[in-house]
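> The sequence and its predicted three-dimensional model are supplied below.
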Amino acid sequence: MIVCYYGHVDVVRLLIERNADVSQAANNGDTPLFVSLSYGHNDIARYVDITRLLLRGGADIHRATSNGATPLSRARELSVADCARERTAAYLVLQAAAPWSPATHAVWTAVKAEMDKL
């Protein structure tokens, strides 16, 4: 999980190649994907790459932390962020959430419209 926080893309890739559990939670319930979305590295390329790798590796977007937050709920929050880095990560997670509930579909439509502007 710490490798997600610090943006070590190659280490994340290696761990996934070695069949690491990409949804393994820490004691507080944070998963690597939740950490990446919440505290991701400042380098947009690393941040998006890690998010993409975790999703392709099968990260559970619905796994809740100890306070009930999920990567999907975090993505919904980020979808309205001013930062392109956060909207891009939200876009990836929301894309992985299909098929969507009506609420998720509404968020997806708004995020996609913003992403199309970039």
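Happy to help now that I have it.
> What ranges in the protein fall below the confidence cut-off?
1, 40-42, 44, 79-86, 94-105, 107-108, 111-112, 114-118 (pLDDT under 70).
> again, 90 this time
Across the chain, the ranges flagged by pLDDT under 90 are 1-8, 23, 26-29, 33-53, 55-63, 70-118.
> all helices of it, in order?
Taking DSSP state H to define them, one finds helices in the chain at 2-5, 9-17, 32-39, 44-56, 71-78, 84-96, 102-117.
> Could you single out the most deeply buried of these?
helix 32-39 (a mean of 25; mean count of other Cβ atoms under 10 Å). Using the backbone N, CA and C atoms, a C-beta is placed for each residue, glycine as well.
> related to what we said a few turns ago, would TSV of the helices of the chain with distance to T65 be doable?
Converted to TSV, those look like this (distance: least, Cβ to Cβ, whole Å):
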stretch	distance to T65
helix 2-5	14
helix 9-17	19
helix 32-39	6
helix 44-56	15
helix 71-78	9
helix 84-96	15
helix 102-117	19
